[in-house]
Every structure is written in C-alpha cells, then in structure tokens.
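**Q** with the sequence up front, the predicted model follows.
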Amino acid sequence: MGNVGTRDTYFNGYGLTYNEVKKIEDKCKNAKGRELELLLLAAESAYAELAQYLFFSLTSGLGYDNISKICNIPIGRKDFYGYRRKTIYLYNSYMILEGHAILLNLALLENVMDVIQIR
C-alpha cells in the first residue's frame, strides 16, 4: 500500500473489488456474536476514537451525512470514509484469521499474511 495515507487508500489499494466490498458490508449489517466483536475490533484498530461511529455506520448501513445529523463526528467526511474502508478491510482480514472467511482469494490472503507478517 506504500506511503498513501488512510484517507487516500481506496478499496483497490486493499485488494478488494466493488462486489467483494458489498459482500463484506452485507456481512457487517447481519453480523452476530463473535462477528460483531471482530467488527468492533476492526473499527478500534482502524481508529480507536472513531470506533463507535465506524461500527454504527457498518452495522446500520448509514453513512457519514446521516450519522452526523444525530451526533457530532469528530472528523471530516473524507477521513471518515478512509477509516471506514480500512475497517472493512481489517474486518475481512480478522474473519479470515478466525476461519470465517466472507470471501477469499489468493491475492487477498497474501495481503493479509503480509499485514500480520506470517511469511
């Protein structure tokens, strides 16, 4: 992923396609038990101070604009979505590590292995 900041890293930078992201987002909205714990962990890992907003966004399907109508999000829209993308990537990675892969392809697995430094 190089030196690109989180706000400028898009899903292709995480090795995810549009259809893969939709599957992960659907899983977030329907997560239960341990899956919810992993989603919260992913949100905290992406940006601890935003974890509650990221978690709420992914479990409810609401975006920045709708959430900001009911509470003050302490970060701008572009940054919020950058951390939301990172949370989605981390959640999928954690699900793979727990043996509950939402989706799995070789390139994504290699990317996860690099992140956790298995090689």
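**A** Received, thanks. Residues are numbered from 1 along each chain as shown.

**Q** counting neighbours, what do you get for residue 44?
**A** Using other C-beta atoms under 10 Å, residue 44 has 17 neighbouring residues. Every residue, glycine included, has its C-beta placed from N, CA and C.

**Q** how much space separates it from residue 58?
**A** Distance of residue 44 to residue 58, given as C-beta to C-beta, to the nearest Å: 13 Å.

**Q** buried ones in the lengthiest helix in the chain?
**A** The longest helix of the chain (DSSP state H) is helix 77-97. Buried residues in helix 77-97, counted by 16 or more other C-beta atoms under 10 Å: 79-96.

**Q** lowest confidence element among the helices and strands of the protein?
**A** Within the chain, confidence by mean pLDDT, DSSP states H and E is lowest for helix 106-116 among all helices and strands, at a mean of 63.

**Q** where in this protein is pLDDT low?
**A** 1-4, 104-119 (pLDDT under 70).

**Q** phi, psi of the residue lying closest to residue 34 once chain neighbours are set aside?
**A** The spatially closest residue to residue 34, leaving aside those adjacent along the chain, is residue 98, at 7.1 Å (C-beta to C-beta, 6 or more residues apart in numbering). Phi and psi for residue 98, reported as degrees, to the nearest 10, are phi -90, psi 0.

**Q** my guess is residue 98 contacts residue 38, does it?
**A** Yes: between residue 98 and residue 38 a contact is recorded at 6.5 Å, counting by C-beta atoms under 8 Å.

**Q** quick one: neighbours of the nearest residue to residue 49 once chain neighbours are set aside, just the number.
**A** Once flanking residues are discounted, residue 49 sits nearest to residue 74: 6.9 Å by C-beta to C-beta, 6+ apart. Residues lying near residue 74 (other C-beta under 10 Å) number 10.

**Q** quick one: residue 74 from residue 48, how far?
**A** With distances taken as C-beta to C-beta, residue 74 is found 12 Å from residue 48.
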